[in-house]
Every structure is written in structure tokens, then in C-alpha cells.
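# Please work out how this folds:
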Amino acid sequence: MTNSRFLSVQELSDNLEAVVLVDCDTPDAYHRFHLPGAFLAPCRYWKGRGTDDGLHALEDPDRLSALLSEFGLTADSRIVGYDGCGGLNAARLGWTLERFGFCRYQVLDGGPGAWYEA
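Numbering: from 1, shown residues only. Presented below is the predicted three-dimensional model:
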């Protein structure tokens, strides 16, 4: 995989077994369609206080740590996030992960729509 912050659908397809997929969309969207093996982690799961408000888990690092442990993630994990709203939530999660030492994070270019079309 490349060092880019964005990952193409083809690159993901070629490396699907080597990454951890994180769906940053809403639970409803996740249940309608999600990529194979993706974990659900909408913003409210990892932001402080368990709401869509807050400072992206910075005020509650234990909440983020519990979520990452549930997914089996380590600092060496290759993580690919996506969402159906232009990548904003996936990029926010990537920024948050980077603050906590998780530097192998990419956003799926085109999100789930690009995967579905391919």
C-alpha cells in the first residue's frame, strides 16, 4: 500500500486481509451497507461523552482506548476508515488516532459508494 492518506478501492481490494476497516458512518447506514469485516465506529463512539459533540476523544482517552481494544487495534495496525459523507468523519477519526500514536491510517477514497460501484 502507498504512503498516501487516501486509499483507492483497487488498493483496498488488493490488501483487504491486511487492514482493519472502520466504518465511521451512522449505525443505520452501517446496517444498510458496510464493507466486508468493517467495524462500526461513528463519531459518537469515540468522541468525548459518547455524543456527537466533543473534542474527538481528546477529553476522554479511555473511551477511545476501550474502542480500539475492542477492535484489536495496535499502533502497528493498518487502519482504513470510510464514511458516506465525503470522508469527514473518517478523516476526523484518522486525526484522532494519529494523536494517540496510530500512524498507519488511511481514508478510503470515494467511501462505500466507490466500493459498491467497483
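
# now for the host helix or strand of Arg63, which elements pack on it?
Here Arg63 sits within helix 61-71, counting by DSSP states H and E. Packed against helix 61-71, as judged by 3 or more CB pairs under 8 Å, 6 or more residues apart in numbering; DSSP states H and E, are the following elements: helix 43-46. To be clear about C-beta, it is placed using only N, CA and C from the backbone, and glycine gets the same treatment.

# can you list the residues that contact stretch 85-105?
Stretch 85-105 is contacted from outside by 5, 22, 24-25, 41-43, 46, 56-58, 61, 64-65, 68, 73, 75-83, 106-108, 111, using CB atoms under 8 Å, 6 or more residues apart in numbering.

# before we move on, back to that, mind saving the C-alpha coords of the helix holding Arg63 as PDB?
Coordinates of each C-alpha in helix 61-71 appear next as PDB, following Å, rounded to 0.1, in the frame of the first residue of the first chain:
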ATOM      1  CA  PRO A  61      -8.900   9.000  26.000                       C
ATOM      2  CA  ASP A  62     -10.100   6.000  28.000                       C
ATOM      3  CA  ARG A  63     -13.200   5.800  25.800                       C
ATOM      4  CA  LEU A  64     -11.100   5.700  22.600                       C
ATOM      5  CA  SER A  65      -8.700   3.200  24.200                       C
ATOM      6  CA  ALA A  66     -11.600   0.900  25.000                       C
ATOM      7  CA  LEU A  67     -12.900   1.100  21.500                       C
ATOM      8  CA  LEU A  68      -9.500   0.400  19.900                       C
ATOM      9  CA  SER A  69      -9.000  -2.600  22.200                       C
ATOM     10  CA  GLU A  70     -12.400  -3.900  21.300                       C
ATOM     11  CA  PHE A  71     -11.300  -3.800  17.600                       C
END
